[in-house]
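**Student:** Task: produce atomic coordinates for the following.
(one chain, ligands or ions: 2)
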Amino acid sequence: AKILFEGPEPGTIVQYFKDDATAFNAQKKGTIQGKGVINNRISEYVFTRLSHIGIPTHFIRRINMREQVVRQVEIIPIEVVVRNVAAGSISKRLGIPEGEPLPHTLIEYYLKDDALEDPMVAEEHIACFGWASNEEMQDISAMAIRVNDFLSGMFAAINIRLIDFKLEFGRLWVGDYSRVILADEISPDGCRLWDMTTGEKLDKDRFRRDLGGEEEAYQEVARRLGLLQDESGPSEVFDL
Ligand code: TMP
Ligand code: ASP
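**Tutor:** Numbers count the residues shown, from 1 in each chain. Ligands and ions are numbered 1, 2, ... in the order given. Take a look at the predicted model:
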């Protein structure tokens, strides 16, 4: 969904957000018109707000409709999935009905390896094979919980239920010392977002499950966050 290239300053990268969508380990491919523009803007907004509560992130600045400058990091090869409500793979794998609130928030780890189809791994595997250190995993799980608490409230305020989401982290090297920061993007591509009143899906499941209306769903999330031009909206926003 993104192209990465060298950034304007040393140690920076530009993320270019495309309209391309993939699902099921890229077996399903398609386009969601305007998605790149919206995800660039939503991710800017979310990362900026997270930095304001002290979460270190790779985000530096958005430079245009589809591009943002971020810090160059060494991506930790683990996808961190946080779940509040059963849906998707956990429902399928464990037979828990979609929409059932989990007794408590779950954090799962998946190895980023397309050839292996991103298998779920335990913290023991991560330590055993050295994908991340125990200290890094402590930082990662603590940040994931804080991000979840913040995002759950942020979305609840716009009548959206945060079902689950995926995070990626990277190592920022300063000499021979590194620290873990939040990387990649946070957008409806990597979150499940349900309207609190109707239960309507406002995320990439519309594409994964051929529900239609994916453009409108992404726009609706941006609109509720106050990031899209409408008659009543503030002025630092832009048209699509
Ligand atoms: P899952 O139910 O398919 O495991 O997905 C959980 C959440 O993580 C869901 O919000 C989508 C997101 N996700 C990604 O962003 N990328 C991925 O490769 C996968 C498998 C999930
Ligand atoms: N984006 C991932 C893929 O290409 C998974 C997903 O979001 O469903 O398979």
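**Student:** Up against ligand 2, what does this protein have?
**Tutor:** 22-26, 204, 208 (Cβ under 6 Å from any ligand atom). For glycine as for every other residue, the C-beta is placed from the backbone atoms N, C-alpha and C.
**Student:** For those residues, which single residue is the most surrounded?
**Tutor:** Note: the member of the residues of the chain next to ligand 2 with the most neighbours is Lys204, at 24 neighbours, neighbours being other Cβ atoms under 10 Å.
**Student:** Test my guess that it contacts Asp20.
**Tutor:** No: with contacts counted by Cβ atoms under 8 Å, Lys204 stays clear of Asp20, the gap being 11.9 Å.
**Student:** shouldn't Ser141 be in contact with Leu106?
**Tutor:** No: contact criterion Cβ under 8 Å: Ser141 and Leu106 do not qualify, at 11.2 Å.
**Student:** what's the helix or strand for Gln138?
**Tutor:** helix 134-156 (DSSP states H and E).
**Student:** Strand partners (parallel or antiparallel) of the helix or strand following that helix?
**Tutor:** Where DSSP H and E defines the elements, the next helix or strand beyond helix 134-156 is strand 160-174. Strand 160-174 sits in its sheet next to strand 74-75 (antiparallel), strand 78-85 (antiparallel), strand 177-183 (antiparallel), strand 191-195 (antiparallel), going by DSSP bridges.
**Student:** Adding distance to Tyr110, write those strands out as TSV.
**Tutor:** Listed next are these as TSV, based on distance: least, Cβ to Cβ, whole Å:
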stretch	distance to Tyr110
strand 74-75	13
strand 78-85	4
strand 177-183	15
strand 191-195	15
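**Student:** Distance check, the closest residue in space to Ile160 that isn't next to it in sequence against Asp164.
**Tutor:** By the measure of Cβ to Cβ, 6 or more residues apart in numbering, the closest residue to Ile160 outside its immediate chain neighbours is Leu193, 4.9 Å from it. Taking Cβ to Cβ, to the nearest Å as the measure, Leu193 falls 10 Å from Asp164.
**Student:** now do Asp203
**Tutor:** Taking Cβ to Cβ, one finds Asp203 at 10 Å from Asp164.
**Student:** what's the overlap in contacts for these two?
**Tutor:** Both Asp203 and Asp164 are in contact with 191-192, where contact means Cβ atoms under 8 Å, 6 or more residues apart in numbering.
**Student:** got the contact list for the residue positioned nearest the centre of the chain?
**Tutor:** Central residue of the chain (Cα atoms, centre = their mean): Ile186, 2.9 Å from the mean position. Listed by Cβ under 8 Å, 6+ apart, the contact partners of Ile186 are 42-43, 46-47, 50, 147, 151, 165, 167.
**Student:** could you dump the residues you listed to JSON lines with distance to ligand 1, pLDDT and neighbour count?
**Tutor:** Supplementary listing: those in JSON lines, determined by distance: Cβ to the nearest ligand atom, whole Å; pLDDT from 0 to 100; neighbours: other Cβ atoms under 10 Å:
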{"residue": "Ile42", "distance to ligand 1": "14", "pLDDT": "98", "neighbour count": "22"}
{"residue": "Ser43", "distance to ligand 1": "12", "pLDDT": "98", "neighbour count": "24"}
{"residue": "Val46", "distance to ligand 1": "14", "pLDDT": "98", "neighbour count": "22"}
{"residue": "Phe47", "distance to ligand 1": "16", "pLDDT": "98", "neighbour count": "23"}
{"residue": "Leu50", "distance to ligand 1": "17", "pLDDT": "98", "neighbour count": "21"}
{"residue": "Val147", "distance to ligand 1": "13", "pLDDT": "98", "neighbour count": "21"}
{"residue": "Leu151", "distance to ligand 1": "12", "pLDDT": "98", "neighbour count": "21"}
{"residue": "Phe165", "distance to ligand 1": "5", "pLDDT": "99", "neighbour count": "25"}
{"residue": "Leu167", "distance to ligand 1": "9", "pLDDT": "99", "neighbour count": "22"}
